[in-house]
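**Student:** coords please:
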Amino acid sequence: MGIPKYEPARSISVTIKNYLEKNGFKVTNKGLKKIKDDNRKRGFKNKCNFDVEMHDEIMEDLKDLNIVYIASGDSDFIRTKDRILKAQRHIKFITYNHNCASEIKYSSWHVSLDEIRGEVERIVNK
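**Tutor:** Next up is the predicted model:
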């Protein structure tokens with residue numbers, strides 16, 4: 001989880017992190033970086049890569065897992081997928097179609113949130 005340095009976003013992120021940990025989740029976090037981006041109104045975008053941390057934690061826990069769900073369509077996780085399958089475990093990538101590498105999108109280990117939206121979308125009555 002990326003933690004912003006500025007308020008109120010920092011407090012909101014810390015509250016979510018604390019809630020998840022209170023409910024039994026292990027949350028790995030680190031600070032967001034500002035990356036220069038002239039196409040953005042503020043001239044930068046926030047970035048926080050977790051590819052290496054996620055891969056390392058999955059590999060560390062793999063012996064105790066049957067299936068790994070990765071909520072990312074980043075092709076950097078192909079190596080992680082290969083290691084999971086080599087260990088005879090299962091994997092599913094959960095992504096949006098517009099933000100998913102083709103190596104993942106057109107595979108049997110991909111679930112598109114766009115395609116199951118009607119089944120998983122939370123509708124708030126107004």
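**Student:** contacts and neighbour counts: CA atoms only from here.
**Tutor:** OK.
**Student:** Domain-wise, how is this protein divided?
**Tutor:** 1-48, 49-126 (automatic domain parsing).
**Student:** Can you name every helix or strand that the longest helix seen in the chain contacts?
**Tutor:** Criterion DSSP state H: the longest helix present in the chain is helix 9-22. Packing partners of helix 9-22 (3 or more C-alpha pairs under 8 Å, 6 or more residues apart in numbering; DSSP states H and E): strand 2-3.
**Student:** helices and strands around the strand it packs on, which ones?
**Tutor:** helix 9-22, strand 30-31.
**Student:** now the following helix or strand past the last one, how far from the centre of its chain.
**Tutor:** Spelled out, that is strand 30-31. Going down the chain from strand 30-31, the next helix or strand is strand 33-36, by DSSP states H and E. Distance, stretch centre to chain centre, for strand 33-36: 19 Å (C-alpha atoms, centre = their mean, to the nearest Å).
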